[in-house]
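In: How does the following fold in three dimensions:
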Amino acid sequence: MKNRKLYTTRPNVISFLYFLTIYISIIILGRFNKKKKILDFGAGLGYLKKINLKLKNPSKIVNYDKIKYLSEVTKWEKVKFDTFVFCQSAYMLSKKELNDVLKKMRKNNLKAEIIVAMSTQSFFNKLISQLLGHGDAYSGLKLKPKDEELVFFKKCKLIKKFNFLFLYKVYLFNFK
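Out: Residues are numbered from 1 along each chain as shown. Model (predicted):
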């Protein structure tokens, strides 16, 4: 269930498996087995970092979230990163906010990779969310998947794409 104050999802056992497939997809696609400095933008409870640490990958993930106490860095714009990750978090931003964030990322990190994991928000996603007790999973969203994709495709060049059973997509981009 989503904590209404935090806008983060605390998965149950079954939904954790769904999120685990997303995190593993991000780790593989982003080659986190190489030494990199990664910003998890909208990290929430920091599961991506926890899983990466369990895998003993040399990449270092820094958590950033608009909820201050979930963040490890306050001024992410001032730090140089090799990779930025948006794991089901970009749709919490408006189109203008996402464009502004990408502009700031590009300014200091022109050669950085961007990994975007997004739910397709399909009927099946919504049905499964309800059945697993996450009926509020899509509350607070400011962007639909198509709009989110359009922003990234306008600002970035697609390197790779992974689609998992039409439930979610994971993209690897570079800045144009």
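
In: would you say F166 is within a strand?
Out: No - read with DSSP: H, G, I helix; E, B strand; the rest coil, F166 is coil and lies in no strand.

In: can you count the residues close to the closest residue to it other than its chain neighbours?
Out: Closest residue in space to F166, ignoring its immediate chain neighbours: T120 at 5.8 Å, by C-beta to C-beta, 6 or more residues apart in numbering. (C-beta placed from N, C-alpha, C; glycine too.) If you count neighbours by other C-beta atoms under 10 Å, T120 ends up with 16.

In: Read off the pLDDT value for T120.
Out: For T120, the model assigns a pLDDT of 84.

In: contacting residues for it?
Out: Applying C-beta atoms under 8 Å, 6 or more residues apart in numbering to T120 gives the contacts 145, 166-169.

In: Kindly report the same for G46.
Out: Residues counted as contacts of G46 (C-beta under 8 Å, 6+ apart) are 40, 63, 70.

In: Quick one: residues in contact with the helix of greatest length in the chain.
Out: Counting residues, the longest helix in the chain under DSSP state H turns out to be helix 13-29. With contact meaning C-beta under 8 Å, 6+ apart, helix 13-29 is reached by 9, 11, 32-33, 47-48, 51-52, 55, 57, 85, 87-88, 115, 117, 128, 132, 134, 160, 162, 164, 167-168, 170, 172.

In: and those residues, which of them are in helices?
Out: Mapping the contacts of helix 13-29 onto helices (DSSP H) picks out 47-48, 51-52, 128.

In: Considering those residues, which possesses the most neighbours?
Out: Highest neighbour count within the ones in helices among the contacts of helix 13-29: L48, with 26 neighbours (other C-beta under 10 Å).
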